[in-house]
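Enquirer: requesting a structural model of the entry that follows:
(one chain, ligands or ions: 1)
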Amino acid sequence: MISSHVDPVNISSTFAQLALNHVFKVYSGRQSWQDKLLRRTSSDFVALADINLEVEANTFVSIIGPSGCGKSTLLNIIAGLIPPTRGSVKLNEVEISKPGPDRGVVFQNYALMPWMTVFENIRFAIETVYPQITFVEQKNIAREYIDLVGLHGAERKHPHELSGGMKQRVGIARALAINPKILLMDEPFGALDALTRGFLQDEVARIWEQQRQTVILITHSIEEALLLSDKIVMMTRGPAARIAEVLDIPFPRPRRRELLDQYPAYHELKAELEIHLSHETRAVEEARIKVKP
Ligand SMILES: Nc1ncnc2c1ncn2[C@@H]1O[C@H](COP(=O)(O)OP(=O)(O)OP(=O)(O)O)[C@@H](O)[C@H]1O
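Expert: Okay, the predicted model is just below:
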């Protein structure tokens, strides 16, 4: 579904092809655990090293990797919130250098305006990105996305009156309402209990079936990635994290979580992801134990 506000702001397409070429990220002024281990006094911390990734339009891609490997760093670079130290990130052949309305971001901590209602949080985002469209149009779009995420009836509530799951529905509606070409989600369900997390995963799957937008999702959950993704990007541990492998997830859509484990490939992919994550995590833990304070 391409939303009704596409025409007024003259966006012709939601086609989004993302290309990362030789992306490095170095944070200066920080000593890594490897520096400590080797008693180096380096002040540069190489978070990402030579990341290359092509994301086809209208695909759902998850990024999975051990804690602290650089997943958020990568997403923040794609969002234009931080620059790569080296390399290029292009959306539809155009270099990303700052945040833009072609990218909607959903954060783990929701990042809602606490003094605004559900409705106002969403309408305000639309107004910020598209000040040229009328107030009535902004309200119509906000209503459309409130309905899409199942928040009809909660429009006048403030964030403090909402559960975590409802807050994240607002976060998703707000990100989609600006009609981005690509949706970036940084552990959007990480703060939610297991049941709510499951509900929202199903919601995201349902919305994705309607919108078929390009999505990049960061997650720690193998099951979540297998349920939602067309491809899963496995990252190595940091420092200097890389992409170890990109897995194709072949299950037909629409997917139902209770049926996925009937596919033999589900168990093979799950095992591969588990082995990768536990190997990388163990290596990080073992190295950290050796670091002298
Ligand atoms: N602004 C910064 N300055 C220095 N180092 C940073 C900065 N931001 C992140 N880092 C470091 O870069 C590495 C990657 O961090 P990042 O948050 O991207 O990892 P992550 O995979 O998203 O972590 P998690 O899984 O715990 O959310 C970490 O070692 C982190 O401490």
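Enquirer: which residue sits closest to the closest residue to the ligand within the stretch 101-250 of the chain, ignoring its sequence neighbours?
Expert: Nearest residue of the stretch 101-250 of the chain to the ligand (C-beta to the nearest ligand atom) works out as residue 238 at 5.4 Å. C-beta: built from backbone N, CA, C; applies to glycine. Closest residue in space to residue 238, ignoring its immediate chain neighbours: residue 69 at 4.7 Å, by C-beta to C-beta, 6 or more residues apart in numbering.
Enquirer: so the one you found: helix, strand or coil?
Expert: Following DSSP: H, G, I helix; E, B strand; the rest coil, the label given to residue 69 is coil.
Enquirer: state whether residue 63 is indeed within a strand.
Expert: Yes: assessed with three-state DSSP, residue 63 lies in a strand.
Enquirer: hmm, it is touching residue 217, no?
Expert: Yes: using C-beta atoms under 8 Å, residue 63 makes contact with residue 217 at a distance of 7.1 Å.
Enquirer: ok, which residues in this structure are in contact with the ligand?
Expert: 27, 30, 45, 47, 65, 67-73, 238 (C-beta under 6 Å from any ligand atom).
Enquirer: of the residues you listed, which pair is most distant in space?
Expert: The most widely separated members of the residues of the chain next to the ligand, counting by C-beta to C-beta, are 30 and 65 (19.2 Å).
Enquirer: who's more crowded, those two?
Expert: Shown here are residue 30 and residue 65; by other C-beta atoms under 10 Å, residue 65 has more neighbours (26 against 13).
Enquirer: next up, the contacts around that one.
Expert: Each residue near residue 65 by C-beta atoms under 8 Å, 6 or more residues apart in numbering is listed here: 71, 234-237, 241, 277, 280.
Enquirer: mind listing the strands for the chain?
Expert: With DSSP state E as the criterion, the chain has strands at 18-28, 44-55, 60-64, 86-91, 94-95, 103-106, 182-186, 214-218, 231-235, 243-248.
Enquirer: can you list the low-confidence ranges for the protein?
Expert: 1-14, 30-42, 292-293 (pLDDT under 70).
Enquirer: which other helices and strands contact the helix ranked longest in it?
Expert: The residue-count maximum for a helix in the chain (DSSP state H) belongs to helix 264-290. When contacts are defined as 3 or more C-beta pairs under 8 Å, 6 or more residues apart in numbering; DSSP states H and E, helix 264-290 sits against helix 33-37, helix 222-228, strand 231-235, strand 243-248.
Enquirer: nothing else from me, thank you.
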